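**Student:** A structural model of the following input is requested.
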Amino acid sequence: MDLYILRHGKAEKVAQGGDGDAGRALTRRGRSEVQEIAAWISSQGISLDLIATSPLTRAFETAEILSEAYPALKGPVVWDVLAPGMDFNHLMSRIRELDLVSSLILIGHEPSLSACISRIIAGDARVRLSLKKGGLARIENFSPAEPAAGELAWLLSPRHMRKQP
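**Tutor:** Predicted coordinates:
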C-alpha cells in the first residue's frame with residue numbers, strides 16, 4: 001500500500017465564534033496553498049482510494065479541498081483517531097480494517113504525524129522530522145501489520161508543490 005500523510009494547511013490563530021482549537025478554520029492563504037497542493041498531488045498521477053481526516057475543522061477543510069481534485073471518491077472520511085494526540089496503535093488497527101485500499105492519505109496534526117512517520121520507517125520515534133503545515137510524506141510498501149513498516153519515498157514542504165513564478 002502507498003500511504004500519504006498530509007498536515008493540514010495554515011489555520012487561524014483563534015477560532016471564530018469561540019469554538020476553541022477544534023474550530024480553527026483554514027486562513028485564506030491556507031486554503032489557497034492547499035488548493036495548489038491538491039492540484040500538484042493530482043498532477044503527479046497519484047491515485048487515492050481513501051482520504052481519511054481528523055475531525056478538527058482545519059484538517060477537514062484540507063481534506064475537502066483535496067477531495068475536489070478526486071471527484072470519483074465519495075469525499076473525506078472522518079477518523080477520530082487522527083485528532084491531536086493520536087494513538088498510533090489504534091490508527092494502525094483502523095487501517096488494517098480497510099478492504100481493497102492500495103493508496104490512502106491521512107490528514108492530521110503535528111507532532112502526531114511526524115511521530116507516526118518515524119514509527120513506520122524506523123520502528124520507534126527516534127527519527128526527528130517535522131512536517132510543515134501543508135507538508136506531505138509518501139511511504140511506499142506500507143504495511144500496518146505489527147510492527148508497522150514502510151519506506152519513506154519523500155517528505156515535501158508546501159513550497160515544493162506550489163507553482164513556481
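
**Student:** after the helix ranked longest in the chain, next one along is what?
**Tutor:** Taking DSSP state H as the criterion, the chain has its longest helix at helix 28-43. Next helix or strand after helix 28-43 toward the C-terminus (DSSP states H and E): strand 50-53.

**Student:** show me what the helix or strand of the chain with the lowest mean pLDDT is packed against.
**Tutor:** Within the chain, no helix or strand scores below helix 158-161, which has a mean of 92 by mean pLDDT, DSSP states H and E. If contacts are counted by 3 or more Cβ pairs under 8 Å, 6 or more residues apart in numbering; DSSP states H and E, helix 158-161 sits against helix 28-43. Where C-beta positions appear, they are placed from N, C-alpha and C, glycine not excepted.

**Student:** so how far is Ala72 from the nearest residue to Arg162 once chain neighbours are set aside?
**Tutor:** Leaving aside its chain neighbours, Arg162 sits nearest to Glu36 (5.0 Å; criterion: Cβ to Cβ, 6 or more residues apart in numbering). Per Cβ to Cβ, to the nearest Å, Glu36 is found 21 Å from Ala72.

**Student:** and Leu26, by the same measure?
**Tutor:** According to Cβ to Cβ, Leu26 and Ala72 sit 24 Å apart.

**Student:** between the two, which is the more surrounded one?
**Tutor:** Shown here are Leu26 and Ala72; by other Cβ atoms under 10 Å, Leu26 has more neighbours (25 against 8).

**Student:** okay, and the beta partners of the more buried one?
**Tutor:** Ala11 (DSSP bridges).
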